[in-house]
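> next one to model:
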Amino acid sequence: MVQVTSYGAAETVTGSCHLMKINSMRILIDCGMFQGNGGVEKNYEPFGFDVSKIDYLILTHAHLDHIGRVPKLLKDGFRGKIIATKPTKDIAKIMLLDSAKLLKEEYKILKRKARRCGDEESISEPLYSEKNVKELFERKWKTPEYYQEIKLGHHIVVSLGNAGHIMGSAFVMIDSMQENIPRRTVFSGDIGGKERLILDSADTLYKADTLFLESTYGDRNHKPLQESIQEFKDAIITTIQNNGNVIIPSFALERTQEILWILHEMYDEGELKNCHIFLDSPLAIKATKLYNKYPIHLIEAVEQRTNIQDPFSFEYLQTIQTRDESIMVNKCKEKAIIIAGSGMCNGGRIMHHLKHRLWDEKNAIIFVGYQVEGTLGRKIVDGEKSVKIYGEEIVCKAKVYTINGFSAHADQHDLIEWIRPVKNLKQLYLIHGEISKMDILSQEIKAKLNIEAHKMEYGVSVGF
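Now for the predicted structure:
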């Protein structure tokens with residue numbers, strides 16, 4: 001009997017955490033942070049399972065909503081083995097060290113405010129520290145290549161396929177024997193769309209008896225990639241010509257590298273003139289170096305460029321490391337493109353840039369990534385007249401562009417086409433999506449593939 005229980009990303013997008021039991025073996029797929037409404041509180045809650053009994057932790061990729069609670073898992077008693085691709089391990093290290101730093105800074109701010117009103121005891125210690133993260137990477141990891149089989153136990157084998165989402169991302173295939181009958185369970189992780197800008201697209205899945213499928217964009221189809229690229233370019237050119245600044249809240253992984261690649265092309269084609277481009281994200285700078293480290297994962301055009309020069313760097317680009325340098329960016333009043341994190345505007349240096357520029361109608365904010373409900377980014381996208389940034393009410397007058405064609409997630413069409421080649425699929429469960437989006441996707445799957453898709457509920461086990 002195989003049993004799976006979701007302790008995150010069940011009827012919601014974030015907090016990915018799925019526990020699979022095969023006989024006496026316990027395998028955890030991802031251990032991510034919750035983000036958006038109520039996310040912070042959930043992250044501090046105890047895990048809903050005995051951490052010390054987990055034999056293996058398999059990481060699909062290095063976004064925080066898939067790896068953000070791994071150091072907490074270690075703190076709470078996890079002593080099993082960790083499996084991930086080499087790029088995922090490398091990226092996870094810089095992501096988690098950055099996360100630990102931010103948690104510490106946030107704790108200090110909250111503690112200081114609580115001290116002023118005599119409520120110091122209400123503030124929880126940081127979820128984990130940089131020391132916890134370093135301990136995590138002192139452990140032995142298994143870092144297989146795609147499709148390299150790893151034997152976990154008697155008749156249990158795991159292998160990873162390229163998910164085409166971000167560098168090193170993978171879908172997880174777990175093969176086991178049930179009453180002498182081979183059975184394959186697959187966890188999609190996050191699947192990339194068919195059209196990718198710098199990465200190879202996801203591998204085809206041919207075999208699965210049970211599939212746990214992400215559904216982040218299960219309710220819609222993205223604009224064609226080339227159309228989105230042109231929309232992005234037009235927004236930048238129009239804003240720069242009007243002497244405005246372009247603010248791009250960007251995720252350090254994948255989205256930043258895609259943006260830099262487009263801007264590099266624009267520079268080469270003479271479409272960017274007399275403007276400043278700032279990459280104000282130490283984390284994104286580190287991540288970009290890792291993209292250069294693994295060119296084999298990039299599409300041919302980008303991979304070939306790595307043999308000649310850095311595909312993500314060019315003359316106008318300035319990388320910003322320190323806080324003082326970041327503050328100096330605010331002196332650039334016009335014709336600047338500022339790329340900064342976080343991608344959902346729920347912290348980081350982007351907050352300061354929005355505070356200084358969101359109120360000015362000559363400026364533009366370009367959102368190129370998913371905005372979770374409850375985040376500042378979602379409020380701006382939803383058209384709120386004003387938002388609070390660091391306690392100050394800021395009117396939203398800058399032009400807002402939402403360009404979803406860059407999404408690293410497959411859309412509804414791509415998800416359906418990804419599962420279409422799977423023969424004799426017996427069970428399909430939807431994860432990583434808001435309920436309304438899951439409902440729409442399940443209806444489309446039923447109509448087009450005649451497969452029943454069920455929603456995973458938090459803490460509710462399914463057996464097969």
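> bridging residues for residue 319?
When bridges are assigned using DSSP bridges, the partners listed for residue 319 are residue 279.
> what's the pLDDT at it?
Here the pLDDT value assigned to residue 319 is 96.
> cool, and residue 268?
According to the model's per-residue confidence, residue 268 sits at a pLDDT of 91.
> tell me who's in contact with it.
residue 314 (CB atoms under 8 Å, 6 or more residues apart in numbering). Every C-beta, even on glycine, is put in place using the N, C-alpha and C of the backbone.
> three-state assignment of residue 265?
Secondary structure for residue 265, judged by DSSP: H, G, I helix; E, B strand; the rest coil, is helix.
> could you check the pLDDT of residue 453?
Predicted confidence (pLDDT) for residue 453: 98.
> mind listing the helices for the stretch 251-400 of the chain?
Counting by DSSP state H, counting those that start in this stretch, the stretch 251-400 of the chain has helices at residues 255-268, 282-293, 300-306, 323-329, 350-357, 376-381.
> could you tell me the least trusted of these?
Averaged per stretch, pLDDT over the helices of the stretch 251-400 of the chain is lowest on helix 300-306, reaching a mean of 78.
> quick one: contacts of it?
Helix 300-306 has contacts (CB under 8 Å, 6+ apart) with 198, 261, 292, 295, 296, 298, 311.
> figure out how far it is from the centre of its chain.
24 Å (CA atoms, centre = their mean, to the nearest Å).
> okay, it in PDB with CA atoms only?
What follows is helix 300-306 as a C-alpha-only set of coordinates in PDB (Å, rounded to 0.1, in the frame of the first residue of the first chain):
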ATOM      1  CA  GLU A 300      21.300  26.300 -27.700                       C
ATOM      2  CA  ALA A 301      21.300  30.100 -28.400                       C
ATOM      3  CA  VAL A 302      22.100  31.000 -24.800                       C
ATOM      4  CA  GLU A 303      24.600  28.100 -24.400                       C
ATOM      5  CA  GLN A 304      26.500  29.100 -27.400                       C
ATOM      6  CA  ARG A 305      26.800  32.700 -26.100                       C
ATOM      7  CA  THR A 306      28.400  31.400 -22.900                       C
END
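> can the contacts of helix 300-306 go into JSON lines with extra columns for distance to residue 323 and neighbour count?
Conversion of the contacts of helix 300-306 to JSON lines gives the following (distance: CB to CB, whole Å; neighbours: other CB atoms under 10 Å):
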{"residue": "198", "distance to residue 323": "30", "neighbour count": "21"}
{"residue": "261", "distance to residue 323": "27", "neighbour count": "21"}
{"residue": "292", "distance to residue 323": "26", "neighbour count": "15"}
{"residue": "295", "distance to residue 323": "32", "neighbour count": "14"}
{"residue": "296", "distance to residue 323": "36", "neighbour count": "9"}
{"residue": "298", "distance to residue 323": "32", "neighbour count": "23"}
{"residue": "311", "distance to residue 323": "28", "neighbour count": "24"}
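> closest one to residue 409 out of those residues, please.
Among these, residue 198 lies closest to residue 409 (CB to CB), at 15.5 Å.
> just checking, the closest one touches residue 299?
Yes: taking contacts as CB atoms under 8 Å, residue 198 lies within contact range of residue 299: 6.0 Å.
> thinking again about what came up before, so can I have JSON lines of the contacts of helix 300-306 showing distance to residue 24?
Below are these laid out as JSON lines (distance: CB to CB, whole Å):
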{"residue": "198", "distance to residue 24": "43"}
{"residue": "261", "distance to residue 24": "47"}
{"residue": "292", "distance to residue 24": "43"}
{"residue": "295", "distance to residue 24": "42"}
{"residue": "296", "distance to residue 24": "38"}
{"residue": "298", "distance to residue 24": "41"}
{"residue": "311", "distance to residue 24": "48"}
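> so of those residues, which ones are in strands?
With strands taken from DSSP state E, there is no overlap with those.
> pull the most distant pair out of those residues.
Using CB to CB, the contacts of helix 300-306 reach their maximum pairwise distance at 261 and 296, which is 16.8 Å.
> let's have the helices of the stretch 251-400 of the chain in TSV, adding distance to residue 447.
Formatted as TSV, the entries for the helices of the stretch 251-400 of the chain read as follows, by distance: least, CB to CB, whole Å:
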stretch	distance to residue 447
helix 255-268	32
helix 282-293	39
helix 300-306	36
helix 323-329	50
helix 350-357	40
helix 376-381	29
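> which one of those lies closest to residue 411?
Shortest distance between residue 411 and these, using CB to CB, is found for helix 255-268: 16.0 Å.
> just want the angle from the closest one to helix 282-293.
Regarding helix 255-268 and helix 282-293, their directions subtend 70 degrees when assessed with axes from the mean of the first three to the mean of the last three CA atoms, to 10 degrees.
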